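> coordinates only, sequence not included:
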């Protein structure tokens, strides 16, 4: 399975500093941050980073004027860049302090990946669409983001090679909590993932405490679907057929007994992180 490393050039993950293009649209970014404060984002590190990462560099040129509005925007291939509030609430819910190893499911265009890279020590990010992961790699390289490793593959299976993770965050909704993600959490680790139950999506925060997982609903949400072995299966098949008929090269995951093994699910109960 192809693994793509980002450029090893940028500033420290715990100290965002200045980024290329950060002087552009700075007023719009400050206004965006103030709106995030009004909506309840209180993590100062998250607000600081979102005030410096140039979101307009992650969207198509025709959408630049909308880059700092609190709305999701299309990035192609049926996918979107999440609205700023969604990125902020996901990052804030992880309670990051700068030393963590994070698994991100759904790289997209790389905007959320860039935010997380400034808040944690190391980011491992998985994207199922090859064209998007190439776009994300280009975007991250332009910003000199150094502490990210990207992989093209099925995010619902996690990334056993680098597990366990301090936290895992998903930017796509699943019909159930993918078991591999639970097992790849460290003790005390947080999994923040949107789950769809009976046509309603809720953002969940799940904290591992030994062999138990304590689940809390954070708020209602709206995400694109997670496609994979432990998520929405039918759409994965249709996506594969479209790739084949388009004539594009298909990168197939390498088979592995370890990766394909189903682990017994420890007890999970509702509680408060």
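It's in. Everything numeric in this text was worked out from a predicted model, so none of it was measured.

> Now for residue 190, how many residues are close by?
By the other C-beta atoms under 10 Å criterion, the neighbourhood of residue 190 contains 23 residues. Any C-beta I mention is one placed from the backbone N, CA and C, and that applies to glycine too.

> Could you check the biggest strand by length in the chain and say which residues are buried?
Identified as the longest strand of the chain according to DSSP state E is strand 185-197. Buried residues in strand 185-197, counted by 16 or more other C-beta atoms under 10 Å: 185, 189-196.

> next one: stretch 75-83
For stretch 75-83, a neighbour-count test (16+ other C-beta under 10 Å) marks 75, 79-82 as buried.

> For residue 95, give its distance to residue 125.
Relative to residue 125, residue 95 is positioned 19 Å away (C-beta to C-beta, to the nearest Å).

> should've said residue 36
Between residue 36 and residue 125 the computed distance is 22 Å (C-beta to C-beta).

> between the two, who's got more neighbours?
It is residue 125, of residue 36 and residue 125, that has more neighbours when counted by other C-beta under 10 Å, with 29 against 23.

> is it true that the more buried one lies in a strand?
Yes. With DSSP: H, G, I helix; E, B strand; the rest coil as the criterion, residue 125 is part of a strand.

> and the residue nearest the centre of the chain, how far is that from residue 148?
Nearest to the geometric centre of the chain sits residue 104, at 4.0 Å (C-alpha atoms, centre = their mean). Separation of residue 104 from residue 148 (C-beta to C-beta): 9 Å.

> same deal with residue 228?
With distances taken as C-beta to C-beta, residue 228 is found 21 Å from residue 148.

> So for those two, which sits in the more crowded spot?
When neighbours are counted by other C-beta under 10 Å, residue 148 comes out ahead of the other of residue 228 and residue 148, with 28 against 22.

> still on that earlier bit, so the residue nearest to the centre of the chain: helix, strand or coil?
At residue 104 the chain is in strand, as set by three-state DSSP.

> Spatially nearest residue to it (excluding sequence neighbours)?
residue 125 (4.1 Å; C-beta to C-beta, 6 or more residues apart in numbering).

> got the contact list for that neighbour?
With contact taken as C-beta atoms under 8 Å, 6 or more residues apart in numbering, residue 125 is in contact with 103-104, 107, 113, 136, 148-151.

> can you rerun that using 7 Å?
Counting by C-beta atoms under 7 Å, 6 or more residues apart in numbering, residue 125 makes contact with 104, 107, 113, 148, 150.

> Okay, and which of the residues you listed map to helices?
Counting by DSSP state H, the contacts of residue 125 place residue 113 in helices.

> List just the nearest of the contacts of residue 125 to residue 60.
Of all those, residue 60 sits closest to residue 107, with 17.0 Å by C-beta to C-beta.

> what's across from the residue nearest to the closest one when sequence neighbours are not counted in the sheet?
In this structure, residue 107 finds its nearest non-sequential neighbour in residue 127, 3.6 Å apart by C-beta to C-beta, 6+ apart. Taking DSSP bridges as the rule, residue 127 bridges to residue 152.

> Residue 127 contacts residue 134, doesn't it?
No. Using C-beta atoms under 7 Å, residue 127 is not in contact with residue 134, being 9.4 Å away.

> Need the nearest residue in space to residue 154, chain neighbours excluded.
Nearest to residue 154 is residue 228, by C-beta to C-beta, 6+ apart, at 3.9 Å.
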